[in-house]
Structures are given as C-alpha cells and as structure tokens.
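>>> how does the following fold in three dimensions:
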Amino acid sequence: QVQLVESGGGLVQAGGSLRLSCAASGRTFTNYLMGWFRQAPGKERDFVAAIPWIDINTYYADSVKGRFTISRDNAKNMVYLQMDSLKPEDTAVYYCAAGRNGVVAAAPTYDYWGQGTQVTVSS
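Residues are numbered from 1 along each chain as shown. Just a heads-up that it's a prediction; the model follows:
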C-alpha cells in the first residue's frame, strides 16, 4: 500500500524558514513525479513545486520561486521542501503527492497524496 507521510509543519514568523519532509513507501517511485501542493482555508489546492524522481529538473509556482527549494533523496525515499523567507500568505496545509503522466502543476496528475501538514506564518 502506497503511503506518503508529511512532517515538519508548524508555526513560524514571517521571514522565517521551515523544512517539510515527505516519506514515501509502498512501491517503487523511480518513474514518479513528486510534488508539493498547498490548500488555504476556503481556497483550492494549489501547486507549489515538483521534482521527477530520476531527473534533476525542478518546477515551481511563481509565488514561491526563489524562496522554496524542492529536493529528494532517492536512497531514503524522501522528498523535501525547504521554505525560506516565509510570508503570511504561505499559510496553508501542505500536501505531498506522487504521480506519473500529465501536467506537472495539475492536481489530477497525481495518483497518491499524503494527509497534509499545517504551516502557519504569523505577521
């Protein structure tokens, strides 16, 4: 059974940093695209960043480009999201996701989702 488990969320002041982790298990993710999405209260789930499992390319939403960095450790089946210069508008539940074919920034591309971790940025 595929499982994606996020951790690392919390409360931080504006300008601070957090590092989210996603532990993947239950299958081989060699050909999978790994992504991070976020959802604020009353809003849709938005794309944040993505990285192919066996590629060095990375993809970011314009709103986080230059502040967030996605990375992965294939040996440990882990995906990370380093978030720097956090802003109050980054407050949301952050989800890790795994998918194969489709548009990188589109939620339907992803077949598996974690339960989410809350990130709250105070002003």
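>>> partners of Leu4 in the sheet?
Ala24 (DSSP bridges).
>>> and it, how many neighbours?
23 (other CB atoms under 10 Å). Backbone N, C-alpha and C define where each C-beta goes, glycine included.
>>> find the nearest non-adjacent residue to Gln13, please.
Nearest non-adjacent residue to Gln13, counting by CB to CB, 6 or more residues apart in numbering: Ser122, 5.4 Å away.
>>> how far away is that neighbour from Arg19?
18 Å (CB to CB, to the nearest Å).
>>> what sits against Trp113?
When contacts are counted by CB atoms under 8 Å, 6 or more residues apart in numbering, Trp113 touches Leu4, Tyr95, Cys96, Ala97.
>>> now Ser7
Going by CB under 8 Å, 6+ apart, Ser7 touches Leu20, Ser21, Cys22, Ala23, Thr117.
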